[in-house]
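Q: predicted model, plus sequence, below.
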Amino acid sequence: MEQSILSIQSCVSYGHVGNSAVTFPLQRLGVEVWPIHTVLFSNHTGYGKWGGRVFDVEGVRDVFLGIKDRGVLSKCNALLSGYMGSKELGNVMIEAILELRKINPETVYCCDPVMGDVGRGFFVKEGIPEFFKDEMISYATIITPNHFELEYLSGMKVETIDDAIFASQKIMKKGPKVVVVTSLLLKENQNKNISVLASNKESVYILSTPYIPITLNGTGDLTSALFTHFYLKNNFNLSIALEETVSRVFSIIDETHKAQSKELVLVKAQNNLIQPKQIFKSQKIN
């Protein structure tokens, strides 16, 4: 099946986060990507200094409406969204998915609810976490929280696999069909393995990979994009999508670690997008 994915995210000229982390990998896998940029910065803000600008919400909406005017929305299989600088931008995402679903009610929306992280807490503007929790996730097909975001969205502490499953089920009751916890931090696995948990209403799968001692930006963006692609490609098969995604992301992170790079080496390691060095298998736990 040919895929066209609309991605409304940030963009950087140097490095790989947001649309700069998802466009090339998806294209390398044969996907048509329609990126709409919410910001254009020189680099991600983790460097502490950057140049560029945030695009106004009307500008983002105008680009989407321009695509709509081409009469091509019927070709779009999925919408991706990541970091949001404002609730107003979130409303544009909602407008976009509602417009896409007028044409195809089965259009997949993968929402990465970027809000914060373990150890850092929230790093988004006031009101955005509540917007995700109360409004945004109800439109999502797939939601990809990290451990911190899982706890916030579910309103509960997560320390065990059973906690994570229950938390994911609570989130699914609000609308999403699939919850992918991108970095499940279990006490017994600390600094040994990192786990990704994928749930739908019928099944739960977990996949663990060796822990690589490196902190990178853009891995969550990459994971969400690849999972969406493989979920579509494999007819909504949760375990295959999880295995195909995590195996590739692990290979890219491993190559980045070997290169001692602060940025994902997506171009250098691009063959790993087609054939990762190792295929990790998921375990069905429910």
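A: Looks like it arrived, so ask away.
Q: mind checking the SS state of residue 169?
A: Reduced to three states with DSSP: H, G, I helix; E, B strand; the rest coil, the structure at residue 169 is helix.
Q: neighbours around residue 124, how many?
A: By the other Cβ atoms under 10 Å criterion, the neighbourhood of residue 124 contains 17 residues. Placement of C-beta: from N, CA and C, glycine included.
Q: check residue 101 and give its pLDDT.
A: According to the model's per-residue confidence, residue 101 sits at a pLDDT of 97.
Q: now it: which helix or strand?
A: In the assignment (DSSP states H and E), residue 101 maps to helix 87-103.
Q: that helix: which residues count as buried?
A: Within helix 87-103, the residues that count as buried by 16 or more other Cβ atoms under 10 Å are 87, 89-93, 96-97, 99-100.
Q: and for stretch 270-281?
A: When burial is assessed from 16+ other Cβ under 10 Å, stretch 270-281 yields the following buried residues: 272-273, 276, 280.
Q: which residues does residue 6 bridge with?
A: Judged by DSSP bridges, the bridge partners of residue 6 are residue 34, residue 79.
Q: OK, contacts around the residue minimising distance to the centre of the chain?
A: The central residue of the chain, meaning the one whose C-alpha is nearest the mean C-alpha position (Cα atoms, centre = their mean), is residue 224 at 2.7 Å. Neighbour list for residue 224: 22, 80, 82, 110, 112, 142, 144, 180, 182 [criterion: Cβ atoms under 8 Å, 6 or more residues apart in numbering].
Q: helix/strand/coil for it?
A: Secondary structure state of residue 224, per three-state DSSP, is helix.
Q: how close does it get to residue 80?
A: Computed as Cβ to Cβ, to the nearest Å, the residue 224 to residue 80 distance reads 6 Å.
Q: shared neighbours of these two, anything?
A: 22, 110, 112.
Q: now, those residues that are in helices?
A: Filtering those for membership in helices, criterion DSSP state H, returns residue 22.
Q: export the shared contacts of residue 224 and residue 80 to TSV and tack on distance to residue 235?
A: Shown next, in TSV, are these (distance: Cβ to Cβ, whole Å):
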residue	distance to residue 235
22	22
110	16
112	23
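Q: can you flag the buried ones in the shared contacts of residue 224 and residue 80?
A: 22, 110, 112.
Q: so what's the first one closest to, chain neighbours aside?
A: In this structure, residue 22 finds its nearest non-sequential neighbour in residue 225, 3.8 Å apart by Cβ to Cβ, 6 or more residues apart in numbering.
Q: next, count neighbours for the one you found.
A: Residues lying near residue 225 (other Cβ under 10 Å) number 29.
Q: quick check: it touching residue 6?
A: No: contact criterion Cβ atoms under 8 Å: residue 225 and residue 6 do not qualify, at 11.5 Å.
Q: overlap of the contact sets of the two?
A: With Cβ under 8 Å, 6+ apart applied, the overlap between the contact sets of residue 225 and residue 6 consists of residue 80.
Q: show me which positions of the host helix or strand of residue 130 end up buried.
A: Under the criterion of DSSP H and E, residue 130 resides in helix 128-134. Using 16+ other Cβ under 10 Å as the test for burial, helix 128-134 gives 128-129, 131-133.
Q: what pairs with the helix or strand following that helix, parallel or antiparallel?
A: On the C-terminal side of helix 128-134, the closest following helix or strand by DSSP H and E is strand 142-143. Sheet pairing for strand 142-143, assigned by DSSP bridges, gives strand 108-111 (parallel), strand 178-184 (parallel).
Q: residues in contact with the shortest one?
A: When contacts are defined by Cβ under 8 Å, 6+ apart, strand 108-111 is touched by residues 77-81, 93, 97, 100, 132, 136-137, 139-144, 176, 224-225, 227-228, 231-232.
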